[in-house]
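[1] Pasting the sequence and the predicted model now:
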Amino acid sequence: MRRSSLVGVLQETSFYGAVAFFFVLAAFPFYWMLITSFKTNADLYNVNVTPFWFHDPPTLEHFRYLFDKTLFATWLLNSLIIGVCVTAITLVTALPAAYSLARMTGRNGEALGIGIFLTYLVPPTLLFLPLSRVIVDLGLQNSLWSLVVVYPTFTIPFCTWLLMGFFKALPVEIEEAAIVDGCSLFGAFVKMAIPLSLPGILTVVIFTFTLTLQEFVYALTFISAADQKPITLGVATDLVRGDVFFWGEIMAGALIASVPVAIAYNLFLDRFIGGITGGAVK
Amino acid sequence: MVAIADSVPKPAARFRFILERRGVLGSIMVAPAVLYVLLLVGVPFLMAVYYSLSAYTIYDPSWSFVGLANFEDVVEDPAFRQTLYNTFIFTFGSQILGLVLGKFGALVLLRPFPGRKFVRALVILPWAVPIALATVAWQWMFDSLYSVINWTLIALGVVTRSDAPNWLGTPYLAMLSVIVVNAWRFFPFAIVIFLAGITAVPQDVLDAATVDGAGFWRRNYLIIMPMILPIVAVGLVFGIVFTFTDLSIVFLMTMGGPVGATSVLGFAGFQTGIVSGDVSHGAAISLFMLPVLLIVVVAMLRFIRRREI
């Protein structure tokens, strides 16, 4: 690296400038959530002081209000119920489907797998009209169970695709050895393939859960009863009373709901990317 | 299962024999997933098509067939043409902005520096966090009275308090705002896609190019970009599909306003079909997404096929 030191300094400065830019761009809205949720209302709505820091001591009043006076705890519980049920439905259907498409159905399986994955791209905003009719026919309108029924329509395609990749990466010899030793085909799947792909299954569980937390359109369409809402919908639509936005409470709620998803994504990101790009680059 | 097999040996044995055939067991195992998707995606999709050709509203569930009348009504409505135009502006504006940010972000994060892991983890946040919640945070940042963005602009002397921009209340600024939020939401995804692609380019290819005299930019645009094009294309397909059909950002930030300036297809379909209960016209509006989706999906299929060769 033989370059004049001035050019070097300039390059370093612009590089760290770029790092700072991306850092602020990504993190500022969350910093803003954080600081808003701990500020007193008097501090929040005072335009004459620098808004980036506290001028009154930080307060927990917004969090207290959220848990005492709103349905926030109910929404958390609803989201948990939806997440657990959808994950269970997804695993029970997507695991055997992915194994079958990866191992048993050959060339047709590949095409069928792509077909299933493509349904992931059919958008909620195209399906919500007929699905809301289906939900009414099932007697599930205004109930969180409507989301338990509907969310697998995108988690199953997505997870089948991810799991197909994981199963294909397993050495087929292990299952063949089990079959030679007298294991049935289905037994080889249950006793060999599933235990060996536990990391993949864990990834799928995490992402199914986060997908259910992130969904907004179906929840907005099917549920208007406040006590049936999942957390994302509740925080985004139900903390506005009349025309007044209670920004402290809204930001506190958004913060609590965001943290687990943010952590999960960071832990499982590499597997996720490997899954959706499916080895498009080799 | 074993217990049943013991008590009724004959049919169970035959059953088992069938289960040992790969094709049969494979079909049984894939059936639940296919059925679920067929019943709750395939059938509703056909229903949506039929709705758009019927006079169905929640007040008159008669299902009578009216042909293309709904589409004619919709196309003749200037508000709808505005919506269609907005949807394209919204989609391509935010995808281009997101891709540019993603490309430069990936270049920045490729070079080791102290704290890179931490910055990388933070940069993922806009994409990971539920978009409805992040949108609400942005809405607060764009607030007409307490906008932190305006506060900063005023403090820097760019604008005065009296002529500070009303971000979500002025047509062009409102469109700019929803585009920025959507680009902000997608750029981490673009970064991750670019990073995955770039790190997969074999080092010896790059070394060979360097030896042959290719500089940084030529390596970048003549070697890396063509090699990562498939992976970027897959990422772009996701971006386009989810942006073109998006409802939540517009719904939460602007409600399509001011006066329809940020109304997009997903939002207009929701307002007409769900809020007003005019299901048939709502379905017709939503179906205008289909041509774009089809084009994008065909492009994606081509890339998947290329991958297999």
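    The structure has been received and is ready for your questions.
[2] mind checking which helix or strand the residue in the stretch 151-282 of chain A positioned nearest to chain B is in?
    Ranked by Cβ to the nearest Cβ, the top residue of the stretch 151-282 of chain A for proximity to chain B is A:Tyr265, at 3.5 Å. Any C-beta I mention is one placed from the backbone N, CA and C, and that applies to glycine too. In this assignment (DSSP states H and E), A:Tyr265 forms part of helix A:247-277.
[3] One more: B:Pro114?
    Going by DSSP H and E, B:Pro114 is not in any helix or strand.
[4] again, but for A:Asn142
    Under the criterion DSSP H and E, no helix or strand holds A:Asn142.
[5] picking up where we left off before, the residue of the stretch 151-282 of chain A closest to chain B: what's its closest spatial neighbour, skipping adjacent residues?
    Sequence neighbours aside, B:Ala128 is the residue nearest to A:Tyr265 in space, at 3.5 Å (criterion: Cβ to Cβ, 6 or more residues apart in numbering or on different chains).
[6] Could I get the contacting residues of the most centrally placed residue in chain B?
    For chain B, B:Phe242 is the residue whose C-alpha lies nearest the centre (Cα atoms, centre = their mean; 1.4 Å). B:Phe242 makes contact with A:Pro123, according to Cβ atoms under 8 Å, 6 or more residues apart in numbering or on different chains.
[7] What confidence value was assigned to it?
    Here, the pLDDT recorded for B:Phe242 equals 89.
[8] can you check B:Leu109 too?
    As predicted, B:Leu109 sits at a pLDDT of 88.
[9] Report the secondary structure element holding the closest residue to it other than its chain neighbours.
    Of all residues not flanking B:Leu109 in the chain, B:Arg120 sits nearest, at 5.6 Å (Cβ to Cβ, 6+ apart). Per DSSP H and E, B:Arg120 falls inside helix B:116-128.
[10] in that helix, what counts as buried?
    B:119-128 (16 or more other Cβ atoms under 10 Å in any protein chain shown).
[11] right, and out of those, which lies closest to A:Trp53?
    Nearest to A:Trp53 among the buried residues of helix B:116-128, counting by Cβ to Cβ, is B:Leu122 at 19.5 Å.
[12] what's the closest one in contact with, if anything?
    Contacts of B:Leu122 by Cβ under 8 Å, 6+ apart are A:23, A:26-27.
[13] how near is the residue in the stretch 51-200 of chain B that chain A sits nearest to to B:Ala196?
    Nearest residue of the stretch 51-200 of chain B to chain A (Cβ to the nearest Cβ) works out as B:Ala128 at 3.5 Å. Per Cβ to Cβ, to the nearest Å, B:Ala128 is found 16 Å from B:Ala196.
[14] Same check on A:Trp161?
    According to Cβ to Cβ, A:Trp161 and B:Ala196 sit 16 Å apart.
[15] A:Ala252 now?
    Distance from A:Ala252 to B:Ala196, by Cβ to Cβ: 35 Å.
[16] Look at the two and report which has more neighbours.
    A:Ala252 (27 against 22; other Cβ atoms under 10 Å in any protein chain shown).
[17] Would you agree that one is in contact with A:Phe63?
    Yes: A:Ala252 is within contact range of A:Phe63, at 5.1 Å (criterion: Cβ atoms under 8 Å).
[18] who's in contact with the nearest residue to B:Gly257 once chain neighbours are set aside?
    What sits nearest to B:Gly257 in space, not counting adjacent residues and going by Cβ to Cβ, 6+ apart, is B:Ala174, at 7.0 Å. By Cβ under 8 Å, 6+ apart, B:Ala174 lies in contact with B:167-168, B:253-254, B:257-258, B:261-262.
[19] Could you pick out the buried ones from those?
    The neighbour-count test (16+ other Cβ under 10 Å) marks B:167-168, B:253-254, B:261-262 as buried among these.
[20] quick one: the helices in the stretch 1-150 of chain A?
    In the stretch 1-150 of chain A, the segments counted as helices under DSSP state H, counting those that start in this stretch are A:5-38, A:41-44, A:61-69, A:72-99, A:106-119, A:124-137, A:144-150.
[21] quick one: the first one near chain B?
    Yes: between helix A:5-38 and chain B, judged by Cβ under 8 Å from any Cβ of the partner chain, the touching residues are A:15-16, A:18-19, A:22-23, A:25-27, A:29-30, A:32-33, A:36.
[22] Residue ranges in the chain under the pLDDT threshold?
    This is for chain A. Across chain A, residues meeting the criterion (pLDDT under 70) sit at A:1-3, A:241-244, A:270-282.
[23] Oops, wrong one, chain B.
    Low-confidence segments of chain B (pLDDT under 70): B:1-20, B:61-62, B:304-309.
[24] now the angle between helix B:116-128 and the longest helix seen in it, please.
    If you go by DSSP state H, chain B has its longest helix at helix B:78-110. On the basis of axes from the mean of the first three to the mean of the last three Cα atoms, to 10 degrees, helix B:78-110 is oriented at 170 degrees to helix B:116-128.
[25] Just the buried positions in helix B:78-110, please.
    Within helix B:78-110, the residues that count as buried by 16+ other Cβ under 10 Å are B:80, B:82-84, B:86-87, B:89-91, B:93-95, B:97-99, B:101-109.
[26] Find the residue at the geometric middle of chain A.
    A:Thr210 (2.3 Å).
[27] count of neighbours near the nearest residue to that one once chain neighbours are set aside?
    Closest residue in space to A:Thr210, ignoring its immediate chain neighbours: A:Val261 at 5.0 Å, by Cβ to Cβ, 6+ apart. A:Val261 is flanked by 21 other residues according to other Cβ under 10 Å.
[28] ok, stretch A:57-66 near chain B or not?
    No: applying Cβ under 8 Å from any Cβ, one finds stretch A:57-66 out of contact with chain B, separated by at least 12.9 Å.
[29] Residues in contact with that stretch: which ones?
    Outside of stretch A:57-66, the residues within contact range by Cβ under 8 Å, 6+ apart are A:37-40, A:72, A:246, A:248-249, A:251-253, A:256.
[30] Drop anything exposed from those residues.
    Here, 16+ other Cβ under 10 Å leaves A:37-40, A:72, A:246, A:248-249, A:251-253, A:256 buried among these.
[31] possible to save the residues you listed as CSV with distance to A:Ala102?
    As requested, those are exported to CSV (distance: Cβ to Cβ, whole Å):
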residue, distance to A:Ala102
A:Ser37, 45
A:Phe38, 49
A:Lys39, 52
A:Thr40, 56
A:Phe72, 42
A:Phe246, 50
A:Gly248, 50
A:Glu249, 47
A:Met251, 44
A:Ala252, 44
A:Gly253, 41
A:Ile256, 38
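[32] Quick one: neighbours of A:Leu196, just the number.
    16.
[33] do the same with the one 3 residues further on
    For A:Pro199, the tally of surrounding residues (other Cβ under 10 Å) stands at 11.
[34] List the residues that contact B:Tyr50.
    Listed by Cβ under 8 Å, 6+ apart, the contact partners of B:Tyr50 are B:Trp63.
[35] Swap in 10 Å and give it another go.
    Contact analysis of B:Tyr50 by Cβ atoms under 10 Å, 6 or more residues apart in numbering or on different chains lists A:130, B:56, B:63, B:65, B:280, B:283.
[36] and the two most separated of those residues?
    A:Pro130 and B:Phe65 (16.3 Å).
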